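**Q** predicted coordinates and the sequence they were generated for:
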There are 2 protein chains.
Amino acid sequence: MAIIELPADPGALTPAQARAFFRGGPSVPTSGWCTGFAQANLIALPREQAFDFLLFAQRNPKPCPVLEVLEPGQFRAGILGGGTHGASDPLADVRTDAPGYRIWRDGSLVAETPDASEFWSEDMVAFLIGCSFTFEHPLLAAGVPVRHIDAGRNVPMYRTNRACRPAGEFRGELVVSMRAIPAEQVADAVRISSRFPSVHGAPVHIGEPAALGIADLAQPDFGDPPVIDDGDVPVFWACGVTPQAMVMASAPPLAITHSPGMMLITDAPDSDYQVP
Amino acid sequence: MAIIELPADPGALTPAQARAFFRGGPSVPTSGWCTGFAQANLIALPREQAFDFLLFAQRNPKPCPVLEVLEPGQFRAGILGGGTHGASDPLADVRTDAPGYRIWRDGSLVAETPDASEFWSEDMVAFLIGCSFTFEHPLLAAGVPVRHIDAGRNVPMYRTNRACRPAGEFRGELVVSMRAIPAEQVADAVRISSRFPSVHGAPVHIGEPAALGIADLAQPDFGDPPVIDDGDVPVFWACGVTPQAMVMASAPPLAITHSPGMMLITDAPDSDYQVP
């Protein structure tokens, strides 16, 4: 595999530049890329399962806040180069523009690929789900450290013992991302992230990983091991990888997702999702 | 029809008491009832149309924030006496507990009734949609007058010239509610309502009714004529009657909705829907 040089300052890229870069293939996490623009999780399912998933998302809005649902077979989204924010990006494509994809058959991971096009069909319905990377920029702007960005790592993500509300044939447990926050800034992290309810919003849990069924913070189920400084408190946010845990538990015939931490970068500014 | 005396202080009733009262039939608006508890719009559609409606709601989250979707045929909701908040209310029933219902066939209003049970079937899927009455209590608590409550009237609601994003076979225009707010308190009304995004959140429009295609504020399409004092500015919020405009425009074979302003009163405290 050819060595591809990463941009010196990925935060300064435009979303269209980042998408074009990832369309070429490099599978790296997108945390810290394209400062000020929202990122999105992906899950695509056959039309037959689309209602159950939309209902699953509606019943589990913390882990599955839906930003956009495409028509069956469509791979161009309004917020992803489709022209709802500024000029259209004619090459934008949900099948190629994340750094990595996972292909699931009957609940088992069968392929990991930088280009999911060959698995697509007219029958697939794509869902874009909000991502907590979106509020990392406002956290940084408020002086709250985001340790995985500082360390150049992916965020650590964990499966938990909390069941999602089922919908139709879909069930599964909550997945969380974790950020270690200095104790005196935990309240700031809550206050700031809660202003972004459609990209997971306020934390679901603060401190006490064991209460979520997480035995060892050092061994995340997805992403990279955490950096935790003295005086940090582990803060847990609902995570858009939850649909992948749902796929593992529910075994739909086919699912296409992004790879954890390797998101679609949208043209929507973070502020679109900010309240009040 | 027997004369039924209204409660002296409807704001002090519990949700279960109010539902029991409405189950008896009186068709009055619920604005100001059960202080501190969220109210909900209703639309029920045959299962065949449920995905298109859920997608319509997802694509139009300001007018159609979904609080709960029931399984086909079900008429008991968790937030409506189903026991998710405190004790279960065994008689709670989405078909009877709003003060009034509208029955629609092929987009035409064919009946208005205090009890929709006879039109229900195993095939109907009920959606509970957030209602702006929910943030009227916090507005009042902040000293912002809510003129239709003071006047003992229903809120005025208007069809607009703004198209919703279509979904499948569903389309229609945005419906808004209007509250006349003293100019010096408009910013407070924005700030406070924006903390409740799942019950319509921040206004969609402030001032200039003509820009929304509203020719005469004195003649609302639903509800009662407004009370507007000197120095008031008309402030418009997305309204949960929008699904009824969708029904008129899209003509599904059957739809059951509440009557505008006559809501289902839930057991969920307003604070459940508050961010940050």
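**A** Nice, thanks for sending it over.

**Q** could you look up the SS state of A:Ala268?
**A** With DSSP: H, G, I helix; E, B strand; the rest coil as the basis, A:Ala268 sits in strand.

**Q** check contacts around it.
**A** Residues in contact with A:Ala268 (CB atoms under 8 Å, 6 or more residues apart in numbering or on different chains) are A:Phe37, A:Ala38, A:Leu67, A:Ile79, A:Thr84, A:His85. For glycine as for every other residue, the C-beta is placed from the backbone atoms N, C-alpha and C.

**Q** mind listing what's buried in the longest helix seen in chain A?
**A** Counting by DSSP state H, the longest helix found in chain A is helix A:47-59. Counting neighbours by 16 or more other CB atoms under 10 Å in any protein chain shown, one finds that the buried residues in helix A:47-59 are A:Gln49, A:Ala50, A:Phe51, A:Asp52, A:Phe53, A:Leu54, A:Leu55, A:Phe56, A:Ala57, A:Gln58, A:Arg59.

**Q** so the fifth one touches A:Leu45, yeah?
**A** In this case it means A:Phe53. Yes: applying CB atoms under 8 Å, one finds A:Phe53 in contact with A:Leu45, separated by 5.4 Å.

**Q** got the domain ranges for chain A?
**A** A:11-22+A:29-133+A:251-270, A:143-243 (automatic domain parsing).

**Q** any stretches of the stretch 101-250 of chain A with poor pLDDT?
**A** Within the stretch 101-250 of chain A, no stretch falls below the threshold (pLDDT under 70).

**Q** enumerate the residues of it near chain B.
**A** For the stretch 101-250 of chain A, the residues in contact with chain B (CB under 8 Å from any CB of the partner chain) are A:Val190, A:Arg191, A:Ser194, A:Arg195, A:Pro197, A:Ser198, A:Gly201, A:Ala202.

**Q** residues in contact with the fourth one?
**A** Yep, that's A:Arg195 we're talking about. A:Phe135, A:Pro138, A:Gln274, A:Val275, A:Pro276, B:Val275, B:Pro276 are the contacts of A:Arg195 under CB under 8 Å, 6+ apart.

**Q** repeat for the last one
**A** Going by CB under 8 Å, 6+ apart, A:Ala202 touches A:Val190, A:Ser193, A:Ser194, B:Val275, B:Pro276.

**Q** what is in contact with A:Phe53 and A:Leu45 at once?
**A** By CB under 8 Å, 6+ apart, A:Phe53 and A:Leu45 have these common neighbours: A:Val125, A:Phe127.

**Q** that older thread, which of the domains of chain A sits most buried?
**A** Mean neighbour count (mean count of other CB atoms under 10 Å in any protein chain shown) peaks for domain A:11-22+A:29-133+A:251-270 among the domains of chain A, with a mean of 21.

**Q** quote the end-to-end distance of it.
**A** End-to-end distance of domain A:11-22+A:29-133+A:251-270 (CA to CA, to the nearest Å): 14 Å.

**Q** from the middle of its chain, how far away would it be?
**A** Centroid displacement of domain A:11-22+A:29-133+A:251-270 relative to its chain, using CA atoms, centre = their mean, to the nearest Å, is 9 Å.

**Q** stretch A:152-159 too?
**A** The answer for stretch A:152-159 is 11 Å, by CA atoms, centre = their mean.

**Q** out of the residues of the stretch 101-250 of chain A next to chain B, who's nearest chain B?
**A** Nearest to chain B among those: A:Ser194, at 3.4 Å, using CB to the nearest CB.

**Q** circling back: please, a ChimeraX command that selects the buried ones among the contacts of A:Arg195?
**A** Entered in ChimeraX, the line below selects the buried ones among the contacts of A:Arg195, by 16+ other CB under 10 Å:
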select /A:135,138,274,275 /B:275,276
